[in-house]
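>>> Test case, fold it:
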Amino acid sequence: MKSLMTFLLIFLSYSSVSAANDGICQSIVNQTEEDTLNVLASVDVLTREQWYKTDVILNFSYDECKEHVAQELIEVNGVQYYRFRTTEDSCDGGNTYGSIYSQDLSTPVAHIYDYDTYCKEDWSEGEQYITNKCNVKAMELAEQKMQEFGLAMKANHARIELRDPYIYDFITVEGKLESGKDVRLEVLVRKETCEFGSVRISNLRL
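Numbering: from 1, shown residues only. This next block holds a predicted model:
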């Protein structure tokens, strides 16, 4: 009985937070469309570690795009949030992508695709950190793999390719060797557990 009560309390708490976020998201959508969103300041809070924990943004290269992502502190209904948006064609292909987060950077509130703002029911699974949580570990594994061949590599980007109904998905890891040459590896992963399978070097020119 006690465990059931605990579950119900957690579920109700999660439901109320989720509903609150949905309401905030819709306010953000409305204010963005009306061009009345209150931007308080430009900030710099996306460390490399946080970058790869941030929905949508995590699919871009930190090294190549860090300077081309606008980071803003915004205010909605008296509460402050962070908004992150790409600003450079070389990173986003001419469209604007990003996300809006709670001020403690723990909760995504909205996604930005092709400049428009979307609430959770319209989010792409592949754009969410919860789907991409194995990326950083895959980058480390790729670096270790290259080290086995006597090559020092710095991984700077990872993106998951979902392969339902297969058990394993692909994470493509891109990086550079000390020589400056580009290298790409493909890592098989079970995203639910971050259990890795094979690692294949798919692109390397020495």
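>>> How is this structure partitioned into domains?
The chain is divided into the following domains under automatic domain parsing: 2-124, 133-204.
>>> weakest of those in terms of mean pLDDT?
Across the domains of the chain, domain 2-124 has the smallest mean pLDDT, namely a mean of 88.
>>> Report the distance from that one to the chain centre.
How far domain 2-124 lies from its chain's middle: 10 Å, per C-alpha atoms, centre = their mean, to the nearest Å.
>>> and S90, what helix or strand is that in?
Assigning secondary structure by DSSP states H and E places S90 in helix 89-92.
>>> returning to that earlier point: any chance of the domains of the chain in JSON lines, plus mean neighbour count?
The C-beta positions use only the backbone N, C-alpha and C, and glycine is treated the same way. As requested, the domains of the chain are exported to JSON lines (neighbours: other C-beta atoms under 10 Å):
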{"stretch": "domain 2-124", "mean neighbour count": "15"}
{"stretch": "domain 133-204", "mean neighbour count": "16"}
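>>> thinking again about what came up before, now for the helix holding S90, which elements pack on it?
Applying 3 or more C-beta pairs under 8 Å, 6 or more residues apart in numbering; DSSP states H and E, one finds that helix 89-92 contacts helix 62-65.
>>> Is L185 in a helix, a strand, or coil?
Assigned by DSSP: H, G, I helix; E, B strand; the rest coil, the conformation of L185 is strand.
>>> From here on, call the first residue 49.
From this message on, residue numbering opens at 49, which makes the last subject L233.
>>> What are the neighbouring residues in contact with it?
A190, K193, M194, T220, V221, V247, R248, I249, S250 (C-beta atoms under 8 Å, 6 or more residues apart in numbering).
>>> of all these, which two lie farthest apart?
Between any two of the contacts of L233, the greatest separation by C-beta to C-beta is 14.6 Å, found for M194 and T220.
>>> rewinding a little: any idea which of the contacts of L233 is the one closest to T80?
T220 (31.9 Å).
>>> Spell out the residue ranges of the strands in the chain.
Secondary structure of the chain by DSSP state E: the strands cover 86-90, 117-124, 127-134, 146-150, 156-161, 164-166, 201-209, 217-225, 230-238, 243-252.
>>> Reformat these as CSV; add distance to E97.
As requested, those are exported to CSV (distance: least, C-beta to C-beta, whole Å):
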stretch, distance to E97
strand 86-90, 21
strand 117-124, 15
strand 127-134, 15
strand 146-150, 14
strand 156-161, 16
strand 164-166, 25
strand 201-209, 13
strand 217-225, 16
strand 230-238, 19
strand 243-252, 20
